[in-house]
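**Student:** missing the sequence, but the structure's below:
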């Protein structure tokens with residue numbers, strides 16, 4: 001495709017997979033931290 005060698009494809013193809021995997025890991029990690037934070041903080045209106 002576009003007359004480029006296959007090495008170019010192999011160089012660029014893994015990056016979307018890498019970034020999506022990293023985004024998924026960060027989403028799960030931050031979601032877990034937010035849930036723990038919500039459990040530890042007292043809610044407004046509760047005495």
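**Tutor:** Received the coordinates, thanks. Keep in mind the model is a prediction, meaning the values are calculated, not measured.
**Student:** which secondary structure elements does the helix or strand hosting residue 38 contact?
**Tutor:** Per DSSP states H and E, residue 38 falls inside helix 14-40. The contact analysis (3 or more Cβ pairs under 8 Å, 6 or more residues apart in numbering; DSSP states H and E) places helix 14-40 against no helix or strand. Any C-beta I mention is one placed from the backbone N, CA and C, and that applies to glycine too.
**Student:** and the residue nearest the centre of the chain, what pLDDT?
**Tutor:** Residue closest to the mean C-alpha point of the chain, counted by Cα atoms, centre = their mean, is residue 23 at 1.4 Å. Listed pLDDT for residue 23 reads 98.
**Student:** try residue 3
**Tutor:** Predicted confidence (pLDDT) for residue 3: 87.
**Student:** count of neighbours near it?
**Tutor:** Neighbour count for residue 3, taken as other Cβ atoms under 10 Å: 4.
**Student:** Give me the three-state assignment for it.
**Tutor:** Of the three states, residue 3 takes coil under DSSP: H, G, I helix; E, B strand; the rest coil.
**Student:** where does it fall, phi/psi-wise?
**Tutor:** Note on residue 3: backbone dihedrals following degrees, to the nearest 10 are phi 70, psi 20.
**Student:** Could I get the contacting residues of it?
**Tutor:** For residue 3, no residue meets the contact criterion (Cβ atoms under 8 Å, 6 or more residues apart in numbering).
**Student:** and it, how far is that from residue 13?
**Tutor:** 17 Å (Cβ to Cβ, to the nearest Å).
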